[in-house]
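Engineer: Based on what follows, work out the 3D shape:
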Amino acid sequence: MSEVKKTGIEKGYGNAIVSDKVKDRSNDPFFVKKAEEAKEFMRKHPLPDHLKK
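Structural biologist: Here you go, the predicted structure:
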């Protein structure tokens, strides 16, 4: 069986690999649209008071 070598810097998060070379997707049109839809939904359908902290 061949051995698979991990690339990236391991910082103690189990089997996950944490890397500083991940693209920033905060301004991606898809995610901006989904965030706006979620905000609009929460404006129309607010949480009940007993669920708010």
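Engineer: When you work out contacts or count neighbours from here on, use the C-alpha atoms and nothing else.
Structural biologist: Noted.
Engineer: list the contacts for residue 43?
Structural biologist: Under the criterion of CA atoms under 8 Å, 6 or more residues apart in numbering, residue 43 has no contact partners.
Engineer: Name the helix or strand for it, please.
Structural biologist: Assigned by DSSP states H and E, residue 43 belongs to helix 29-44.
Engineer: Give me the below-cutoff pLDDT ranges for the chain.
Structural biologist: Across the chain, the ranges flagged by pLDDT under 70 are 1-14.
Engineer: same thing but 50
Structural biologist: For the chain, not a single residue meets the criterion pLDDT under 50.
Engineer: hmm, back to that, pull the CA atoms of the helix holding residue 43 into CSV?
Structural biologist: The C-alpha coordinates for helix 29-44 follow below in CSV (Å, rounded to 0.1, in the frame of the first residue of the first chain):
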residue,chain,number,x,y,z
PRO,A,29,-20.9,36.8,-5.6
PHE,A,30,-22.4,33.4,-4.8
PHE,A,31,-21.7,33.7,-1.1
VAL,A,32,-22.7,37.4,-1.0
LYS,A,33,-26.1,36.5,-2.6
LYS,A,34,-26.6,33.6,-0.2
ALA,A,35,-25.8,35.8,2.8
GLU,A,36,-28.2,38.5,1.7
GLU,A,37,-31.0,35.9,1.1
ALA,A,38,-30.4,34.5,4.6
LYS,A,39,-30.5,38.0,6.2
GLU,A,40,-33.8,38.8,4.3
PHE,A,41,-35.3,35.5,5.5
MET,A,42,-34.3,36.3,9.1
ARG,A,43,-35.9,39.7,8.8
LYS,A,44,-39.2,38.1,7.6
